[in-house]
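A.B. asks: here is the input, now give the coordinates:
(chains A and B)
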Amino acid sequence: MRADLAAIVNWVPQGARVLDLGCGDGSLLRSLWQEREAPGYGVEIDDDNVIACVSNDVNVLQVDLESGLSLFADGSFDCVILSETLQTIHRTEFLMREMLRVGREVIVSFPNFGHWSARVQVALGRMPVSPSLPYEWYETPNVHHCTVADFEDLCRRMGVRVRERLVMHEGKPVAFLPNLLGSVAVYRCAGD
Amino acid sequence: MNAPDTASRFVVPQKVRFDEPIRLTSGAELPAFELAYETYGELNEAKSNAVLVCHALNASHHVAGVYEHDPDNEGWWDNLVGPGKPLDTRRFFVVGSNYLGSCFGSTGPASINPATGKPWGADFPVVTVEDWVEAQARLADRLGIERFAAVMGGSLGAMQALQWTLSYPERVRHALVIAAAARLSPQNIAFNEVARQAIMTDPDFHGGHYYDKGVVPTRGLRIARMIGHITYLSGEAMAEKFGRLLRRGAPGFDFDIDFEVESYLRYQGDKFSTYFDANTYLRITKALDYFDPAAEFAGDLTKALARARAAFLVVSFKSDWRFPPSRSREIVRALLDNRRIVSYLEIDAPGGHDAFLLEDERYHAALRAYFGNIEL
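C.D. replies: Coordinates of the predicted model:
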């Protein structure tokens, strides 16, 4: 399992109601059900992923995140998860607000653009390509890259409380200079 | 997938009679009635593998397979239902049920009214989706099916599947609600009204008592069907299928057929008017118009669906403008509010409302996967 997903499973309380945005083939939801008895729904736009979710017996809703979470009532989930998807969203702040509206807690993971290898590549005049940023600039689905520091700025500006943070590189936690040495960041946040 | 040999595809339509009177939503009562149906596959010993397929406006209980005497007459959902197909009849016992008021073998306006010894005609009561479900529940009783593994349908059939989960929550484990709406929009009702007016203003309609006059309001039925067809196809599908092709190569400067699409509509209208009953058409469109489970909850669909216990698969098609995806999302939202198990697919198929009848790889793959996970 991807390191950020293992961290997310650890943070989700037993029996929590979860909503996984951009849920892929539903494997995180399956793990959450198996390990945490947490029932949930996934939101996914890609046809193949949606069919994979149905095969995996995971509840999946094929809607576009960019149009918001109007299917879901206020506070209807204990936990709303956005794993490795934040950077592909156009209306980032809008979606963050929607997540805080429907969930009591929000878990977000993203590739850290502040990692030294990205900084070096940009310094050398190139868009970064790495295991956590595997796309060439002309084919990337990513539209909004950010660093650990950038994300925390956004949280502050939106009045979002960061409850826990885990920055990692190659699956291991990075405590020292995380914005420079970490390639993936996972946050556990809540509204005011 | 192996193509099954022809003989194994033969089905025989069946009929069942109920002598217990049925009280209808309108308050009217039918003293007895018959229901036509077909079955495919075998009911297992635990009777846990039954799937009810409900049909839409102009179809019948002939869901799959062919008749021995009529091998070209393939069931309307044959691409989906059969051995090795997404709804695999080697695993499931599938029941295709006709509805009350139909003109395909069940008791309907053309049947004999026992009180008069003549066809019911205009006196046949207006029936509702709820009434159809009541009648189908009796069929289920007769077949010894306590609980369906799934009830499924598209369009008007989807309304029946949804109503099943409300009328008999404990008797439905899964509901597949495809190309649906929880109630018609005023625009939908408007199309239905034009179709009804076309029929009722046909001089051969005779107020619905045309059977003993030896005529059929074919002109009205034709136009009703043409209107229907326009709403079943997307603009894109029409453009793809017909373009602006001229039948005669050049404009005729007359009112004969110029464009291909005119030819298609006339053909569909003509065909329909030879096999469909006008009184049935009037009643089905009314059943569509009246369907609104939220009505008794001041329009609150969430409250209306609170009774449902089934797990749901809701499917819509992006090019469907008759029951667009937004209408399916209303159903999904209400199910989510009630914390029901639900998955929702929005398929980017070009076929319009009719897409639910067509073969689409993604659509069929999803249904196959869904049925594959239903435990027996």
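A.B. asks: point me to the residue of the stretch 1-150 of chain B nearest chain A.
C.D. replies: Among the residues of the stretch 1-150 of chain B, B:Pro86 lies nearest to chain A; the distance is 11.5 Å by Cβ to the nearest Cβ. Yep, even glycine has a C-beta here, placed from its N, CA and C like the rest.
A.B. asks: so how many other residues sit close to residue 123?
C.D. replies: You didn't pick a chain, so chain A it is. 9 (other Cβ atoms under 10 Å in any protein chain shown).
A.B. asks: hmm, no, I was thinking of chain B.
C.D. replies: 15.
A.B. asks: any idea what the residue nearest to it when sequence neighbours are not counted is bridged to?
C.D. replies: Computed as Cβ to Cβ, 6 or more residues apart in numbering or on different chains, the closest residue to B:Asp123 that is not its neighbour in sequence is B:Asn113, at 6.3 Å. Counting by DSSP bridges, B:Asn113 is bridged to B:Lys118.
A.B. asks: before we move on, the earlier item: list the residues that contact the residue of the stretch 1-150 of chain B closest to chain A.
C.D. replies: B:Pro86 sits next to B:80, B:364-365, B:367-368, B:371 when contact means Cβ atoms under 8 Å, 6 or more residues apart in numbering or on different chains.
A.B. asks: quick check, A:Trp33 in a helix?
C.D. replies: Yes: A:Trp33 forms part of a helix when assessed by DSSP: H, G, I helix; E, B strand; the rest coil.
A.B. asks: if we ignore the residues flanking it in sequence, what's nearest it?
C.D. replies: Here the residue nearest A:Trp33, using Cβ to Cβ, 6+ apart, is A:Pro39, at 6.6 Å.
A.B. asks: tell me, how many residues neighbour that neighbour?
C.D. replies: So A:Pro39, with other Cβ under 10 Å, has 15 neighbours.
A.B. asks: any idea how far it is from A:Cys53?
C.D. replies: Distance of A:Pro39 to A:Cys53, computed by Cβ to Cβ, to the nearest Å: 14 Å.
A.B. asks: B:Asp141 too?
C.D. replies: Taking Cβ to Cβ, one finds B:Asp141 at 36 Å from A:Cys53.
A.B. asks: and these two? Which one has more around it.
C.D. replies: Using other Cβ under 10 Å, the more surrounded residue of B:Asp141 and A:Cys53 is A:Cys53, with 31 against 12.
A.B. asks: circling back: how about the contacts made by the residue nearest to B:Asp123?
C.D. replies: B:119-120, B:123-124 are the contacts of B:Asn113 under Cβ under 8 Å, 6+ apart.
A.B. asks: and those residues, which are buried?
C.D. replies: For those, a neighbour count by 16 or more other Cβ atoms under 10 Å in any protein chain shown gives the buried set as B:119-120, B:124.
A.B. asks: would you map the strands across the chain?
C.D. replies: The chain I'm using is chain A. A:18-21, A:40-43, A:60-61, A:77-83, A:103-111, A:161-169, A:172-173, A:184-190 (DSSP state E).
A.B. asks: wrong one, chain B
C.D. replies: Going by DSSP E, chain B shows strands at B:14-18, B:22-23, B:29-30, B:33-40, B:50-54, B:81-82, B:87-88, B:93-97, B:112-113, B:118-119, B:150-154, B:174-178, B:311-317, B:342-347.
A.B. asks: is the last one anywhere near chain A?
C.D. replies: Yes: Strand B:342-347 comes into contact with chain A (Cβ under 8 Å from any Cβ of the partner chain), by way of B:342-347.
A.B. asks: phi first, then psi, for the residue lying farthest from the centre of chain A.
C.D. replies: Centroid-distance maximum for chain A: A:Leu124 at 28.9 Å, with Cα atoms, centre = their mean. Phi and psi for A:Leu124, reported as degrees, to the nearest 10, are phi -90, psi 0.
A.B. asks: surely B:Gln136 is in contact with B:Asn98?
C.D. replies: No: B:Gln136 is beyond contact range of B:Asn98, at 9.2 Å (criterion: Cβ atoms under 8 Å).
A.B. asks: can you map out the helices along chain A?
C.D. replies: A:3-11, A:27-36, A:47-55, A:92-102, A:116-123, A:148-158, A:178-181 (DSSP state H).
A.B. asks: now the stretch 201-350 of chain B
C.D. replies: B:218-232, B:235-242, B:260-275, B:278-290, B:301-304, B:325-337 (DSSP state H, counting those that start in this stretch).
A.B. asks: what's the angle from the second one to helix B:260-275?
C.D. replies: Right, the one you point to is helix B:235-242. If you take axes from the mean of the first three to the mean of the last three Cα atoms, to 10 degrees, helix B:235-242 sits at 90 degrees to helix B:260-275.
A.B. asks: show me what helix B:235-242 is packed against.
C.D. replies: For helix B:235-242, the packing partners by 3 or more Cβ pairs under 8 Å, 6 or more residues apart in numbering or on different chains; DSSP states H and E come out as helix B:260-275.
A.B. asks: now swap in the last one and tell me
C.D. replies: For helix B:325-337, the packing partners by 3+ Cβ pairs under 8 Å, 6+ apart come out as helix B:301-304, strand B:311-317, strand B:342-347.
A.B. asks: give me the buried positions along that helix.
C.D. replies: Of the residues in helix B:325-337, those buried (16+ other Cβ under 10 Å) are B:325, B:327-337.
A.B. asks: and of those, the nearest to B:Gln160?
C.D. replies: B:Ile331 (13.9 Å; Cβ to Cβ).
A.B. asks: re earlier: of the residues of strand B:342-347 next to chain A - the most surrounded one?
C.D. replies: Most surrounded of those: other Cβ under 10 Å gives B:Tyr344, at 27 neighbours.
A.B. asks: just confirm that residue contacts B:Arg333, I think it does.
C.D. replies: No: using Cβ under 8 Å as the test, B:Tyr344 is too far from B:Arg333 to be in contact (9.7 Å).
A.B. asks: hmm, who's touching stretch B:286-301?
C.D. replies: For stretch B:286-301, the surrounding residues in contact (Cβ under 8 Å, 6+ apart) are B:25, B:57, B:101, B:126-129, B:132, B:156, B:159, B:162-163, B:166, B:182-184, B:188-189, B:192, B:303-305, B:330-331, B:333-334.
A.B. asks: can you give the distance of it from its chain's centre?
C.D. replies: 18 Å (Cα atoms, centre = their mean, to the nearest Å).
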